[in-house]
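**Q** quick one: sequence and predicted model below, then my questions.
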Amino acid sequence: MEREKLGSRLGFILLSAGCAIGIGNVWKFPYMAGQYGGGAFVLFYIFFLVILGLPIMTMEFSVGRASQKSPVAAYQVLEKPGQKWHLHGYACLAGCYLLMMFYTTVAGWMLHYFYLTATGHFENASPEEVGTIFTQMLGQPSTMIKWMVFVVVVGFGVCSIGLQKGLERITKVMMLALLFIMLLLAVNSILMDGGSEGLVFYLKPDFTRMKEIGIGATIVGAMNQAFFTLSLGIGAMAIFGSYIDKERSLMGEAINVAVLDTFVAIVAGLIIFPACFAYGVDAGSGPSLIFITLPNIFNHVPLGRLWGSLFFIFMSFAAFSTVLAVFENIISCCMDLTGASRTKVCIGNILLMILLSLPCALGFNILSGIQPLGAGTNIMDLEDFLVSNLLLPLGSFVYLLFCVTRYGWGWDNFKKEANSGKGVKMPDWLRPYLTCILPVLILIIFAIGIKDVFLK
């Protein structure tokens, strides 16, 4: 069976960026930038994105394009007889399932909040009432499951239509709409009275604030965020490499994806910080910023219901672009493993994904007594830990060793594939860095991730 191809280069870039652009760009990046000294953090973040993210993404794309297979089958094509690199292919598939086991629930939150905002549920609500709406949502199994099932069914439904007609077409529309809505929201925030102070806080490097937090902590924070933002290590990017031709070099394409991902992260801060400063609220971290602070701000903004609805549809698109990309990875792996058609694989995975996602959806209510990582944690925390702290860094480490050492695919084969076509090339002088320094950096990130969870 001939492998499907993407219809355009734009489709490839938007799909890959859509996979990388997720909710972390919107709630984690601005918060971390504010906490770690604004512009100073942004500078470190971009530096680490270049030295950590770009090489690994280029490697994933190269493995995908050279093998013309999904991550679960790619190593078999490229490894030498008797080698065991292909075992990582199964870890990639497991990682995609694990990521979606909680991401489908979080995508459902965004859709629920879009519905609540668009139908006026937040209008005239006090700050306390806005806070309880989020708690109520988490406490209602039916609400959590309903939206999760909706995300799974629609996601696999889109992918079942086909690569070009379904996934590529829908993602293009969604991503272009996402970028347009973001710019609209950012302009609206910047023009608020008092918004300019938020811009200064966010974009002007403040090394004194960075020193208060600690220069080491800032560097580690920027390194972590740059590494995790691109979802590298579970084959999520390799799959799109397998769908493109050899007209463009892969380092250049990785740069395009990273630029788009960074653009979204930085513009998210332009939406959030001016609005928070204009209304004198703390740009606090995580879910509370998105689900409690911002609905309160939209309550006070002229045309707040419109801006709030636009914000949550943008958040839904950001989440959904990742869901569609990872679902495509799962589908392609299952097709390679079973030989079944796209439609059959999608139907089977709808049922499997709903079952696998139930523990997370119920982990905030019926199963809230299960606290796997200690008091106050939930099932989602465990699933997130397994993906973010184990599978992503270790998977990236495997891709790296496979591409640069003679025990795997090897530097010459990797470089030849990466440099096929027009665009930025992977130079030979990078080889010592990729072989000796980058593996150590990835292991440091892995060690920090384990320490942060178990040695608080």
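**A** Thanks, I have it.
**Q** buried ones in the one helix or strand Met335 maps to?
**A** Met335 belongs to helix 304-338 when assigned by DSSP states H and E. For helix 304-338, the neighbour count (16 or more other CB atoms under 10 Å) marks 304-305, 307-336 as buried. Placement of C-beta: from N, CA and C, glycine included.
**Q** for it, what is the average pLDDT?
**A** Mean pLDDT, computed over helix 304-338, is 94.
**Q** same question, stretch 40-58
**A** Mean predicted lDDT for stretch 40-58 stands at 93.
**Q** and it, what's buried?
**A** Residues of stretch 40-58 classed as buried: 40-42, 44-45, 48-49, 52-58 (neighbour count, 16+ other CB under 10 Å).
**Q** wait, doesn't Ala222 sit right on Tyr45?
**A** Yes: with contacts defined as CB atoms under 8 Å, Ala222 counts as touching Tyr45 at a distance of 4.4 Å.
**Q** pass me the low-pLDDT residue ranges in the stretch 251-400 of the chain, would you?
**A** The model of the stretch 251-400 of the chain has pLDDT under 70 over residues 283-287.
**Q** now do stretch 217-236, average pLDDT.
**A** For stretch 217-236, the per-residue pLDDT averages 90.
**Q** pull up the gap between the nearest residue to Gly233 once chain neighbours are set aside and Met174, please.
**A** The shortest distance from Gly233 to any non-neighbouring residue, by CB to CB, 6 or more residues apart in numbering, is to Gly395 (2.9 Å). Distance from Gly395 to Met174, counting by CB to CB, to the nearest Å: 26 Å.
**Q** so the two - more neighbours on which side?
**A** Ranked by neighbour count (other CB atoms under 10 Å), Gly395 and Met174 place Gly395 first, with 24 against 20.
**Q** in what helix or strand does the more buried one lie?
**A** For Gly395, the host element (DSSP H and E) is helix 392-404.
**Q** what packs against that helix?
**A** Helices and strands touching helix 392-404, by 3 or more CB pairs under 8 Å, 6 or more residues apart in numbering; DSSP states H and E, are helix 54-67, helix 87-118, helix 215-228, helix 411-418, helix 438-454.
**Q** quick one: the longest one to helix 392-404, angle?
**A** What separates the directions of helix 87-118 and helix 392-404 is an angle of 130 degrees, with axes from the mean of the first three to the mean of the last three CA atoms, to 10 degrees.
**Q** off-centre distance for helix 87-118?
**A** 10 Å (CA atoms, centre = their mean, to the nearest Å).
**Q** equivalent analysis for the first one, please.
**A** On the basis of CA atoms, centre = their mean, helix 54-67 is displaced by 18 Å from the centre of the chain it belongs to.
**Q** what angle separates the helix or strand that that helix is followed by from helix 54-67?
**A** Towards the C-terminus, the helix or strand next in line after helix 54-67, according to DSSP H and E, is helix 71-78. Calculated by the same axes, to 10 degrees, helix 71-78 forms an angle of 70 degrees with helix 54-67.
**Q** in helix 71-78, what's buried?
**A** By neighbour count on 16+ other CB under 10 Å, the buried set for helix 71-78 is 71-75, 78.
**Q** and which of those is nearest Asn349?
**A** Checking the buried residues of helix 71-78 against Asn349 by CB to CB gives Val72 as the nearest, at 13.8 Å.
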